[in-house]
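Asks: quick check, what structure comes out for this input:
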Amino acid sequence: MPILNRAAEMQDEIAAWRRHIHSAPELGFEVHKTARFVAERLAEFGCDEVATGIGRTGVVGLIRGRLGDGPTVGLRADMDALPIREASGKPYASTVPGSMHACGHDGHTAMLLGAAKYLAETRNFAGSVAVIFQPAEEGGGGGREMVRDGMMDRFAIDRVFGMHNMPGLAVGEFAIKPGPIMAATAEFTIRVRGHGGHAAMPHLGVDPVVAASQIVLAFQTIAARTVDPTDSVVVSVTKFHGGEAYNAIPDHVELAGTVRSLKGSVAELAEARMRAICEGIGRASSTTVTMDFHPNYPVTFNDPEQTAFAGDVAAAVAGEPATHRAIQPLMGGEDFSYMLQARPGAFIFVGNGDSANLHHAAYDFNDEAIPHGVSYWVRLAETALSA
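Replies: Take a look at the predicted model:
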């Protein structure tokens, strides 16, 4: 089954929804306008149930098939934007200063709305489809909150699937792999306290800048000399703050950053080595070093059986040559991982073409991807719930 004719016919309408959402981005759990827009569309489509306020501001629409009873399949999209000032130059660019849809969640939401409209019109399946629109993917854990709110049991969801756009992958192509496809994430903050003084007389103080710099460099040995080379880990220091004057050594420096890994054991090893490095450099430099370490999203782990199923669906839409079934995992984090911990399923990427990268101020979702994403969702639901 190639692209659905109906999906192609709806492209302009779905693109208009997408651009409306794009122009009014909302952050985290504060996606009230977007959630209301989604709920209104689902009601218009004739969904059998439209539930709001799940996981604080999430929305779920339930569509029952006309071919009899059966299980429920969950299809998920994310709704939140990022705190980035848009530089795309598009006529529908963000009207909210400092916020933009720089990750394509506007496109994800619009494509799932398009699939919901089609499925509500045809209902050519046995069982039910739960279309899931979640808030706060970008660091807030909205997926976790929807699961904690009892979504899976409330709607009797049997399997759950997610989709994300991928810049650099051609429009009309899909990419997936079994097992870990995106990384577990953690954030850390390190405070290095010394004794400030005149920059011309460093011997009279204890320099936290030098100690903090040594910590940054030593952290790079974790991937290079501590973790098995066949495993994956990233330790990135992304903040380094200290001092206010050219000629004064500060009393303290603060570092912060992120750790990414594809195994829980590797994350634990990285944390242990980071603490040992901080302690050792603190002793050697006569500074006081403290570290706060906060695990965040778990590994996004694709169930092998459901991954094969999702790959077959993608191949039915795009063709086997355009379906990449063994991509390298990404070290980015994704809170769909919480839904995959609760139910078997799979996360797939759809091509966004030659666009700016995700989380870039010039990024924009490619509306040409819409028929491909909608066709994938429809084919997946109808195949999973075939009578």
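Asks: residues of the lengthiest helix in the chain that come out buried?
Replies: Criterion DSSP state H: the longest helix present in the chain is helix 264-285. Neighbour-count burial for helix 264-285, counted by 16 or more other CB atoms under 10 Å, picks out 266-267, 269-271, 273-275, 277-278, 281-282, 285. The way it works is simple: take the backbone N, C-alpha and C, and place the C-beta from them, glycine included.
Asks: cool, stretch 180-189 as well?
Replies: Within stretch 180-189, the residues that count as buried by 16+ other CB under 10 Å are P180, I181, M182, A183, A184, T185, A186, F188.
Asks: thought the first one was touching P298?
Replies: No: look at P180 against P298 with CB atoms under 8 Å: they stay out of range, at 10.0 Å.
Asks: for this structure, give me the ranges with low pLDDT.
Replies: Within the chain, the stretches with pLDDT under 70 are 1.
Asks: domain assignment for it?
Replies: According to automatic domain parsing, the chain is divided into the following domains: 5-181+299-384, 184-295.
Asks: what number of residues lie near the closest residue to V234 other than its chain neighbours?
Replies: Spatially, and ignoring its direct neighbours in sequence, V234 is nearest to R260 (4.2 Å; CB to CB, 6 or more residues apart in numbering). The number of residues packed near R260 is 24, by other CB atoms under 10 Å.
Asks: let me see the contact set for V209.
Replies: G242, G243, I249, P250, V253 (CB atoms under 8 Å, 6 or more residues apart in numbering).
Asks: just the strands in the stretch 51-200 of the chain please.
Replies: 58-64, 72-78, 128-134, 157-166, 174-175, 179-182, 184-193, 197-198 (DSSP state E, counting those that start in this stretch).
Asks: quick revisit: tell me the bridge partners for the residue nearest to V234.
Replies: With DSSP bridges applied, R260 shows beta-bridge pairing to T185, V234.
Asks: okay, it and G168: tell me how far apart.
Replies: 19 Å (CB to CB, to the nearest Å).
Asks: reformat the strands of the stretch 51-200 of the chain as TSV; add distance to G332.
Replies: What follows is these, written out as TSV (distance: least, CB to CB, whole Å):
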stretch	distance to G332
strand 58-64	22
strand 72-78	13
strand 128-134	17
strand 157-166	9
strand 174-175	14
strand 179-182	6
strand 184-193	8
strand 197-198	42
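Asks: out of the ones you listed, deepest packed?
Replies: Neighbour counts (mean count of other CB atoms under 10 Å) averaged over each of the strands of the stretch 51-200 of the chain peak at strand 128-134, with a mean of 29.
Asks: strand partners (parallel or antiparallel) of it?
Replies: Using DSSP bridges, the strands paired with strand 128-134 in its sheet are strand 58-64 (antiparallel), strand 72-78 (parallel).
Asks: which other residues reach the last one?
Replies: Translated: strand 72-78. 62, 105, 108-109, 111-112, 115, 127-135, 137, 142-143, 152, 155-163, 336, 339, 343, 345, 377, 380-381, 384-385.
Asks: quickly note the distance from A308 to G168.
Replies: Counting by CB to CB - A308 and G168 are separated by 24 Å.
Asks: beta partners for the nearest residue to R275 once chain neighbours are set aside?
Replies: Leaving aside its chain neighbours, R275 sits nearest to M291 (6.0 Å; criterion: CB to CB, 6+ apart). Under DSSP bridges, the beta-bridge partners of M291 are I190.
Asks: M291: neighbour count?
Replies: Other residues close to M291 by other CB under 10 Å number 18.
Asks: next: the one 4 residues further on.
Replies: For P295, the tally of surrounding residues (other CB under 10 Å) stands at 15.
Asks: burial measure for the residue nearest to V73 when sequence neighbours are not counted, as a count.
Replies: Nearest non-adjacent residue to V73, counting by CB to CB, 6+ apart: A384, 4.8 Å away. Close neighbours of A384, defined as other CB under 10 Å, add up to 22.
Asks: how about the one 3 residues further on?
Replies: Residues within reach of A387, counting by other CB under 10 Å, total 13.
Asks: repeat that for L204.
Replies: By the criterion of other CB under 10 Å, L204 has 11 neighbours.
Asks: can you tell me the element A218 falls in?
Replies: Secondary structure from DSSP states H and E places A218 in helix 208-221.
Asks: try S355
Replies: Under DSSP H and E, no helix or strand contains S355.
Asks: quick one, what contacts the nearest residue to it once chain neighbours are set aside?
Replies: Once flanking residues are discounted, S355 sits nearest to P167: 4.5 Å by CB to CB, 6+ apart. Neighbouring residues of P167 by CB under 8 Å, 6+ apart: N352, G353, D354, S355, A356, N357, L358, Y363.
Asks: which ones are touching the first one?
Replies: So that's N352. G104, N165, M166, P167, G168, L169, V171, F365, N366, A369.
Asks: pull out the buried members of the residues you listed.
Replies: Among the contacts of N352, the ones that count as buried (16+ other CB under 10 Å) are G104, N165, M166, P167, L169, V171, F365, N366, A369.
Asks: so can I have CSV of the residues you listed showing distance to L204?
Replies: CSV is the format used below for the buried ones among the contacts of N352 (distance: CB to CB, whole Å):
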residue, distance to L204
G104, 54
N165, 56
M166, 55
P167, 52
L169, 57
V171, 63
F365, 57
N366, 59
A369, 62
